[in-house]
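In: Structure for this input, please:
(one chain, ligands or ions: 1)
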Amino acid sequence: MSEDTAVDAARDPAGTPADPEVLRELGVLRHSIDNLDAALIHLLAERFKLTQRVGVLKATHALPPADPAREAEQLERLRGLAVTAQLDPAFAEKLLAFIISEVIRHHESIPRG
Ligand SMILES: O=C(O)C(=O)C[C@]1(C(=O)O)C=C[C@@H](O)C=C1
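Out: Residues are numbered from 1 along each chain as shown. So this is what the prediction gives:
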C-alpha cells in the first residue's frame, strides 16, 4: 500500500493531517485489506478456470449453459454461510448472482457440439 494513500485520506475536513497513530492504524488496516483483495482475485481466477472446464464439458455434451436447480442450492448454501460469517446474506446473494451471470455468459460463448 502506498503511504500517500493513507496520508491523503487522513485529513479532517479543514485539511489538517490526522494523528500519526491514526495514520499508522489506517495503513495497517489498508495493508490487510489489500492482501484480502489479492486473495479474492486469485480465488475468483481459480473459480473461473473451473467453470471454464464446466462450460467446455456442457458445450461438448449438449447440456444447457445454466442450471437453475444447482443455482438454487448454491444460493441457499451461501446465504447460510453468510449469516454464520456475519456477512449480509443479501449481499452474498447479489455477488453470487453477478458471478454466475458472468459464468453463463462465458458458457454461451463456447462453440457447441
Ligand atoms: O455448475 C454448473 O453447472 C455451472 O455451470 C457453474 C455455475 C457456477 O458458476 O457455479 C454456473 C452456471 C450454472 O447455472 C450453475 C453453476
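In: interface residues of the chain facing the ligand?
Out: Applying CB under 6 Å from any ligand atom, we find that the chain lies next to the ligand at T51, V54, A66, D67, R70, E71, Q74, I100, V103, I104, H107. Where you see a C-beta, it was placed from the backbone N, CA and C, and this is true even at glycine.
In: Give me the distance between the helix or strand encompassing the fifth one and the centre of its chain.
Out: Applying DSSP states H and E as the criterion places R70 in helix 68-84. A distance of 15 Å separates the C-alpha centroid of helix 68-84 from that of its chain, computed with CA atoms, centre = their mean, to the nearest Å.
In: go on, stretch 49-60?
Out: From the chain centre to the centre of stretch 49-60 is a distance of 21 Å (CA atoms, centre = their mean).
In: which outside residues touch that stretch?
Out: Residues outside stretch 49-60 that contact it (CB atoms under 8 Å, 6 or more residues apart in numbering): L63, P64, P65, V103, H106, H107, I110, P111, R112, G113.
In: Buried by neighbour count: which residues of that stretch qualify?
Out: Of the residues in stretch 49-60, T51, G55, K58, A59 count as buried by neighbour count, 16 or more other CB atoms under 10 Å.
In: Give me the local confidence score for the most centrally placed residue in the chain.
Out: The residue lying closest to the centre of the chain (CA atoms, centre = their mean) is L40, at 5.7 Å. With respect to pLDDT, L40 scores 98.
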